[in-house]
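Q: Quick one, fold the following:
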Amino acid sequence: MASFFSPYSHEFVRVAACVPHVAVADPRQNADNVLELLASGDSARIALMVFPELGISAYAIDDLLLQDAVLDEVERQLDRLITASCDLFPVFAVGAPLRHRGRLYNCGLVIHRGRLLGVIPKVYLPNYREFYERRQLTSGEDVIGQSIEIAGHRAPFGRDLLFAAQGNSTYTYHVEICEDLWVPHPPSTDAALAGAEILLNLSASNITIGKAEMRRLLCASQSSRCIAAYAYSAAGAGESTTDLAWDGQAGIFELSDLLAETERFSPDPEMAIADVDLGRIRQERMRTNTFGDNARALAGKPPEFRTIAFDFAAPDERLDLRRPLERFPYVPADPAMLRENCYEAYNIQVQGLAQRLKATGLKKLVIGVSGGLDSTQALIVSARAMDRLGMPRSNVLAYTLPGFATSKTTKANAWRLMRALGVTGA
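A: Numbering: from 1, shown residues only. Predicted coordinates for the structure are as follows:
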């Protein structure tokens, strides 16, 4: 049983999107860099860690991806990571190029406690602008229901995998790779409808002007539409020696909210860490009946997911909550968002009241004014509704309502407000 003072006891799961330093075509060094962050994740009691696309080989190594010397070393280092995971708390997903039946796939490998849980191939290989992945790699579109052996470890292989934690903290997650998110119908959409609550993306994603905001929009949108958490990793320092640049932007989103993001262009390894609120996700899915309708409509259509279960024991220790907490939950800290919300809240009331008056044919409003905040707001809305309908503000009949708590100051304020707005006071 997890400690009451642990987020895991309250339907939170700690997730990290990781940006290790990359060594080009040096799988051993890259495995060392992954292990360094895994050690930090183990200390922080992180449940899920996602690493960049092709992170064990490096992404932008072009035809070196086809070299057996590189691919053999990749498998040796993956075996090393699987062995090392026996003593580590996190479940983690790393990216690597893997050979299978005479083809080379861009894969995400999910590893936990000495076990290779599953291998997921990238489905959508970009071959436009600066990308030409199809030169070396094969799409995993038709890889369903298969298995693969990596350094003596056999595991399910396909785009049809979900991973389900079983124990005193339960959650289900899915893995997709970079470009899979950028297409109109990402694989994670089907996974969410099949039950995945946390969506992981192993990405490399070079940086161009304006692309950082596009990534945020995509991740926020997918987490919102799928009513899920979305963790996005990316390649950073060390990647690569080509004509591209990399900013190491990784982040964690929940129902469109950005929970954590790494520092971009950092020369050091980075991790975005956040506690994902599974209770919020589950409650929102239950409330949103069309989510269930969509899931039923697509039930039985490919892919039919295989669920890979694994044992997960939440840590029995006190942990601080790691997610942003607004001091005023309904008042955004961002000034631009605050202005937008206030504009909408004000005009929603004006529009609703004006439409009600128009529909009923009423010409006058009666309102009590105490001089406090609530009646002040109501009076301003009433005056503005008259403006919108082309009626005189004198049609608003405002009455002071003195009571046991009314002071001379608040009553005077009420009269000053009524005179300033030009309503009929009494």
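
Q: Low-confidence bits of the stretch 1-150 of the chain, can you list those?
A: 1-2 (pLDDT under 70).

Q: Which residue ranges of it form strands?
A: Using DSSP state E, counting those that start in this stretch, the strands of the stretch 1-150 of the chain run over 12-19, 48-50, 91-100, 103-112, 115-121, 146-150.

Q: and if you look at the stretch 301-426 of the chain?
A: Using DSSP E, counting those that start in this stretch, strands in the stretch 301-426 of the chain cover 306-312, 365-369, 396-400, 424-425.

Q: Name every strand pairing with the second one and say which way it goes.
A: Pointing back at strand 365-369 there. Strand 365-369 has the following strand partners under DSSP bridges: strand 396-400 (parallel).

Q: neighbouring contacts of the partner strand?
A: 364-371, 379, 382-383, 386, 411, 414-415, 418, 421, 423-426 (Cβ atoms under 8 Å, 6 or more residues apart in numbering). Placement of C-beta: from N, CA and C, glycine included.

Q: With stretch 121-137 instead?
A: 53, 62-63, 65-66, 97, 104-108, 138-141, 143, 157-159, 176-180, 182-183, 187, 206, 243-244.

Q: Kindly report the same for stretch 334-350.
A: 331, 332, 377, 381, 384, 385, 388.

Q: so which of the residues you listed comes closest to residue 231?
A: residue 332 (23.4 Å; Cβ to Cβ).

Q: Spatially nearest residue to the closest one (excluding sequence neighbours)?
A: Nearest non-adjacent residue to residue 332, counting by Cβ to Cβ, 6 or more residues apart in numbering: residue 338, 4.9 Å away.

Q: likewise residue 389?
A: Nearest to residue 389 is residue 354, by Cβ to Cβ, 6+ apart, at 5.5 Å.

Q: quick one: the one you found from residue 375, how far?
A: According to Cβ to Cβ, to the nearest Å, residue 354 stands 19 Å off from residue 375.

Q: Contact partners for the closest residue to residue 56 other than its chain neighbours?
A: Spatial nearest neighbour of residue 56, excluding adjacent residues (Cβ to Cβ, 6+ apart): residue 96 at 4.1 Å. Residue 96 makes contact with 54, 55, 56, 57, 74, 78, 107, 109 under the criterion Cβ under 8 Å, 6+ apart.

Q: Can you lay out those as a markdown table showing neighbour count?
A: Converted to a markdown table, the contacts of residue 96 look like this (neighbours: other Cβ atoms under 10 Å):
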| residue | neighbour count |
| --- | --- |
| 54 | 31 |
| 55 | 28 |
| 56 | 29 |
| 57 | 25 |
| 74 | 25 |
| 78 | 24 |
| 107 | 30 |
| 109 | 27 |
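
Q: Out of those residues, which is nearest to residue 260?
A: Among the contacts of residue 96, and counting by Cβ to Cβ, the member closest to residue 260 is residue 55, at 19.4 Å.

Q: Might one say that the closest one is in contact with residue 20?
A: Yes - taking Cβ atoms under 8 Å as the definition, residue 55 is a contact partner of residue 20 at 6.7 Å.

Q: overlap in contacts of the two?
A: Joint contacts of residue 55 and residue 20 (Cβ under 8 Å, 6+ apart) are 30, 34.

Q: quick revisit: quick one: which of the contacts of residue 96 is nearest residue 406?
A: Out of the contacts of residue 96, the member with the shortest distance to residue 406 (by Cβ to Cβ) is residue 55, at 67.3 Å.

Q: do you know how far the closest one is from residue 247?
A: 16 Å.

Q: can you check residue 374 too?
A: 47 Å.

Q: And for residue 372?
A: According to Cβ to Cβ, residue 372 and residue 247 sit 50 Å apart.

Q: more neighbours, those two?
A: More crowded of residue 372 and residue 247, by other Cβ atoms under 10 Å: residue 247, with 22 against 14.

Q: Contacts only, for that one.
A: 207, 212, 234, 236, 264, 265.

Q: Let's verify the third one: helix, strand, or coil?
A: Using DSSP: H, G, I helix; E, B strand; the rest coil, the secondary structure recorded for residue 234 is coil.

Q: Equivalent analysis for residue 188, please.
A: Quick answer, by three-state DSSP: residue 188 is helix.

Q: The residue nearest to residue 389: what's it in contact with?
A: Going by Cβ under 8 Å, 6+ apart, residue 354 touches 385, 388, 389.
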